[in-house]
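>>> the amino acid sequence is not available; the structure is as follows:
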């Protein structure tokens with residue numbers, strides 16, 4: 001019999017490899033010129049998990065509902081892959097499997113690691129904004145050409161600085177902040193840190209979503225009696241938080257504020273471009289062969305339009321077909337219905353997630369997809385009352 005302490009140690013080491021692969025790899029690859037650090041550490045994560053699964057008897061720790069849905073993702077990946085032109089969107093199914101593995105290891109420990117990343121990321125973003133320089137700059141390959149993800153690329157065209165912290169760019173940072181805010185919606189400190197990060201990164205979607213969670217959470221926590229029972233310490237920290245956010249907004253230049261407000265302008269160039277890709281994406285999907293309508297044609301639309309469809313649901317149809325689309329929509333609808341019987345606040349969380357999926361290809365990134373499925377699986381087991 002293998003001691004439990006040894007089992008727990010292997011679990012934690014395995015999850016540390018996953019965190020290193022997803023959240024530390026951009027920094028390590030850029031700073032130390034290690035091109036395949038992400039792939040190597042992710043492969044090691046899988047090997048470590050396989051070792052613990054075989055020798056440490058993890059089978060009894062898997063919730064049957066999560067196991068079945070993960071097996072379905074594996075099956076869809078196997079039957080769909082032969083009809084794809086590219087595997088760039090493989091995370092759409094691989095993220096589900098990875099989230100399942102986290103639950104078989106130590107979900108609570110992984111959540112602690114994520115909170116550590118949030119704190120470290122906030123410190124880095126703040127320093128980046130103060131000194132107007134990135135900690136590191138990633139270089140990626142796009143259409144066979146190397147592209148430097150510099151501060152000029154993200155905000156230089158309109159004269160603003162967008163911090164990015166541990167991530168390759170402000171977009172993935174914003175998605176991380178939204179994902180961890182949904183996962184840790186009860187932790188006000190995490191919400192405030194994420195909101196600050198999104199403001200400094202000029203992440204419009206992140207600011208809107210996290211502000212909504214904070215405001216609604218504050219409204220639901222208030223009643224006539226509780227107003228008079230708020231401790232002096234809580235009032236002090238609330239005042240400090242509000243003053244800090246006000247100072248940050250004042251320090252933001254006009255272009256930064258204008259970019260945030262442009263989110264609500266349907267005639268702005270970014271929004272009109274989004275409508276264009278929606279229309280184009282729907283038109284292309286309807287022209288697919290029957291087998292591609294069902295299983296998708298990953299890689300085709302991006303190669304043709306040089307962009308995604310700017311809508312997760314539409315891009316799921318294009319890349320993963322009707323089966324992949326339904327795979328994502330079903331848990332959203334199912335858990336939203338259950339949430340309506342629990343508390344209206346849960347409906348807000350699912351509304352935010354649906355909104356993010358609607359106006360971005362939110363599910364594509366490794367971090368965003370993992371956090372999405374961790375949130376769905378966590379909510380599922382919470383509703384069943386079986387979260388350990």
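Yep, that arrived. What you see is a predicted model, and the numbers here were worked out from it, not measured in a lab.
>>> in this protein, which helix is the longest?
helix 312-342 (DSSP state H).
>>> who are the packing partners of that helix?
Helices and strands touching helix 312-342, by 3 or more C-beta pairs under 8 Å, 6 or more residues apart in numbering; DSSP states H and E, are helix 64-80, helix 91-105, helix 269-286, helix 290-295, helix 300-305, helix 344-359, helix 366-383. From N, CA and C alone the C-beta is placed, and that goes for glycine too.
>>> and residue 308, backbone torsions?
phi -80, psi 180 (degrees, to the nearest 10).
>>> surely it meets residue 362?
No: with contacts counted by C-beta atoms under 8 Å, residue 308 stays clear of residue 362, the gap being 10.5 Å.
>>> the two - which one has more neighbours?
Neighbour comparison, residue 308 and residue 362: the larger count goes to residue 362, with 25 against 19 (by other C-beta atoms under 10 Å).
>>> so where is the stretch 101-250 of the chain shaky, pLDDT-wise?
Across the stretch 101-250 of the chain, the ranges flagged by pLDDT under 70 are 142-144, 155-158, 220-250.
>>> which residue ranges of the stretch 1-150 of the chain form strands?
Listed in chain order, the strands of the stretch 1-150 of the chain (DSSP state E, counting those that start in this stretch) span 139-142, 145-148.
>>> now do residue 81 against residue 64, distance only.
26 Å (C-beta to C-beta, to the nearest Å).
>>> run a quick neighbour tally on residue 301.
24.
>>> and the closest residue to it other than its chain neighbours, how many neighbours?
Of all residues not flanking residue 301 in the chain, residue 318 sits nearest, at 4.6 Å (C-beta to C-beta, 6 or more residues apart in numbering). Neighbour count of residue 318, defined by other C-beta under 10 Å: 28.
>>> try residue 384
Burial of residue 384 is recorded as 11 neighbouring residues (other C-beta under 10 Å).
>>> residue 162 and residue 68: what is the separation?
Applying C-beta to C-beta, the value for residue 162 to residue 68 is 41 Å.
>>> these two - which one has more neighbours?
Neighbours per residue (other C-beta under 10 Å) separate residue 162 from residue 68, with residue 162 holding more: 25 against 10.
>>> which residues does the more buried one contact?
151, 154, 155, 170, 200, 201, 202, 203 (C-beta atoms under 8 Å, 6 or more residues apart in numbering).
>>> returning to what we had before: verify the stated contact: the residue nearest to residue 301 with residue 285.
Yes: under the criterion of C-beta under 8 Å, residue 318 makes contact with residue 285 at 5.3 Å.
>>> coming back round to it: got the strands of the stretch 1-150 of the chain as TSV, with mean neighbour count and distance to residue 72 columns?
Converted to TSV, the strands of the stretch 1-150 of the chain look like this (neighbours: other C-beta atoms under 10 Å; distance: least, C-beta to C-beta, whole Å):
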stretch	mean neighbour count	distance to residue 72
strand 139-142	10	32
strand 145-148	9	36
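>>> out of those strands, nearest to residue 356?
strand 139-142 (22.6 Å; C-beta to C-beta).
>>> roughly how far is the closest one from the heart of the chain?
Remark: strand 139-142 is offset 21 Å from the chain centroid, using C-alpha atoms, centre = their mean, to the nearest Å.
>>> how about stretch 338-355?
With C-alpha atoms, centre = their mean as the basis, stretch 338-355 stands 17 Å off its chain's centre.
>>> who's in contact with the nearest residue to residue 86 once chain neighbours are set aside?
The spatially closest residue to residue 86, leaving aside those adjacent along the chain, is residue 299, at 2.6 Å (C-beta to C-beta, 6+ apart). By C-beta under 8 Å, 6+ apart, the contact list for residue 299 reads 84, 85, 86, 87, 88, 89, 319.
>>> wait, the last one sits on residue 303?
No: under the criterion of C-beta under 8 Å, residue 319 is not in contact with residue 303, lying 11.6 Å apart.
>>> between those two, which is the more surrounded one?
residue 319 (30 against 10).
>>> so how far is residue 26 from that one?
Applying C-beta to C-beta, the value for residue 319 to residue 26 is 24 Å.
>>> then residue 183?
Relative to residue 26, and taking C-beta to C-beta, residue 183 is found at 21 Å.
>>> now residue 65
Taken as C-beta to C-beta, the span from residue 65 to residue 26 is 34 Å.
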